[in-house]
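1. Can you look at this prediction? I've put the sequence above it.
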Amino acid sequence: MPSRGTRRLRRTAQDLLAKNSRRDSNPAIEWRALMLQDSLFVPVFSSILRNRKLLLALLVATAIQLGLVSAHLPGWPCPFARVLGFPCPGCGLTRATLLLFRGEWRESIAFHAFAPLFLVALTITLAATVAPERSRDWLIPTIESIERRTGITNFLLLGLILYWLARLLIMRSAFAQMLQQ
Amino acid sequence: MAFGIVGILAILVYLAFFVCFIVVLVKLFQNEGAGKGILGLICGIYTIIWGWMNAKRLNISTLMLALTALLILSIILYFVAFAGMMASGGLSR
């Protein structure tokens, strides 16, 4: 009498054999699926892009935040800056993005180096929100594939944390002064 | 005197907001992994929207309600302090 584990293994092997012997199987699609399955990095951005409601809410909130800050009104109160007294990794990103909109590249990058990347992410988010299903079916898997193969989002997030630490530890007073402007 | 009360109230509101935010952020890290957790740290708005979208599943509706109320209150308090500073001539634009 084979054990439970052996039976499960045998069933999996049979399933795989049946799948491979199918006439309509596409080797390219199967190869891509295998690549995605075995990839090292977990997609972050593409999994957010899949949820249209979340994207819409994020875009509306970002538009409100950009509008408030451009009108010199209080927007999102950063809990870290208000309570702990030091800015979070995202502090200054709204103002840097607004500077980018005005074409002031140098000032924007001096304010927050990740502003151009944030703008790219915002553009992709907008595209994924308003695009029809057919375009989304192409856009999101493409981004997911890039994320899984390169881990770009994970590296960028790590880079952002390192950039924040560098500004906090090396240029602390300049960083704080800049954000108080 | 009024400024003192507003100041103390603001500190309490920010502190409560911070605590609620950290709780939701921890939930985000636990449920979605480090990538989205860091994203939630950078973009607080994402943390709040994610919290509301998963409030029923995670049973944090009350916490989200408190967090949102504290967020609105903190913005109102900021406006009050801003108006007070403008009225006393402490801030020139």
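-> Structure received.
2. And the pLDDT at residue A:57?
-> Listed pLDDT for residue A:57 reads 92.
3. Counting neighbours, what do you get for it?
-> Residue A:57 has 19 neighbours, counted by other Cβ atoms under 10 Å in any protein chain shown. No exception for glycine: its C-beta is placed from N, CA and C like everyone else's.
4. pretty sure it is touching residue B:49, no?
-> Yes: contact criterion Cβ atoms under 8 Å: residue A:57 and residue B:49 qualify, at 4.7 Å.
5. which bits of chain B sit near chain A?
-> B:14-15, B:17-18, B:21-22, B:33, B:35-36, B:38-39, B:41-46, B:49-50, B:53, B:71, B:74-75, B:78-79, B:82, B:93 (Cβ under 8 Å from any Cβ of the partner chain).
6. from those, which would you call buried?
-> B:14, B:17-18, B:21, B:35-36, B:38-39, B:41-46, B:49-50, B:71, B:74-75, B:78 (16 or more other Cβ atoms under 10 Å in any protein chain shown).
7. Can you tell me which of these end up in strands?
-> With DSSP state E as the criterion, strands contain none of these.
8. in chain A, which spans are strands?
-> Under DSSP E, chain A gives no strands.
9. quick one: contacts for residue B:16?
-> Contact analysis of residue B:16 by Cβ atoms under 8 Å, 6 or more residues apart in numbering or on different chains lists B:66, B:70.
10. I'd like to know how far it sits from residue B:52.
-> Distance of residue B:16 to residue B:52, given as Cβ to Cβ, to the nearest Å: 18 Å.
11. and what of residue A:175?
-> Relative to residue B:52, residue A:175 is positioned 32 Å away (Cβ to Cβ).
12. Next one, pLDDT for the residue nearest to residue B:48 when sequence neighbours are not counted please.
-> Leaving aside its chain neighbours, residue B:48 sits nearest to residue B:67 (6.6 Å; criterion: Cβ to Cβ, 6 or more residues apart in numbering or on different chains). The model reports residue B:67 with a pLDDT of 93.
13. Number of residues surrounding residue B:69?
-> Neighbourhood size, residue B:69 [other Cβ under 10 Å]: 14.
14. just the helices in chain A please.
-> Ranges of helices in chain A, per DSSP state H, are A:4-20, A:27-37, A:45-49, A:52-70, A:79, A:93-101, A:105-111, A:115-130, A:133-150, A:152-169, A:172-180.
15. Hmm, I typed the wrong one, I wanted chain B.
-> For chain B, the helices defined by DSSP H cover B:2-32, B:34-42, B:44-53, B:55-58, B:61-87.
16. Determine which of these approaches residue A:169 most closely.
-> For residue A:169, the closest of those is helix B:34-42, at 17.5 Å, according to Cβ to Cβ.
17. what's the closest one in contact with?
-> A:42, A:44, A:47-48, A:88-90, A:93, A:153-154, A:157-158, A:160-161, B:24-25, B:28-29, B:46-47, B:50.
18. Now, of these, which are buried?
-> For those, buried by 16+ other Cβ under 10 Å: A:42, A:44, A:47-48, A:88-90, A:93, A:153-154, A:157, A:160, B:24-25, B:28-29, B:46-47, B:50.
19. Check chain A and tell me which residue is nearest its centre.
-> Centroid-nearest residue in chain A: residue A:45, 3.2 Å away (criterion: Cα atoms, centre = their mean).
20. Just give the closest residue to that one, not the sequence neighbours.
-> Nearest residue to residue A:45 in three dimensions, chain neighbours excluded: residue A:153, at 4.8 Å (Cβ to Cβ, 6+ apart).
21. gap between that neighbour and residue B:34?
-> Distance from residue A:153 to residue B:34, by Cβ to Cβ: 11 Å.
22. Which pLDDT value belongs to the residue nearest to the centre of chain A?
-> At residue A:45, the model reports a pLDDT of 91.
23. need the contact list for it.
-> Residues in contact with residue A:45 (Cβ under 8 Å, 6+ apart) are A:121, A:124, A:143, A:147, A:153.
24. Rebuild the residues you listed as JSON lines, extending it with pLDDT.
-> As requested, the contacts of residue A:45 are exported to JSON lines (pLDDT from 0 to 100):
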{"residue": "A:121", "pLDDT": "93"}
{"residue": "A:124", "pLDDT": "94"}
{"residue": "A:143", "pLDDT": "93"}
{"residue": "A:147", "pLDDT": "90"}
{"residue": "A:153", "pLDDT": "91"}
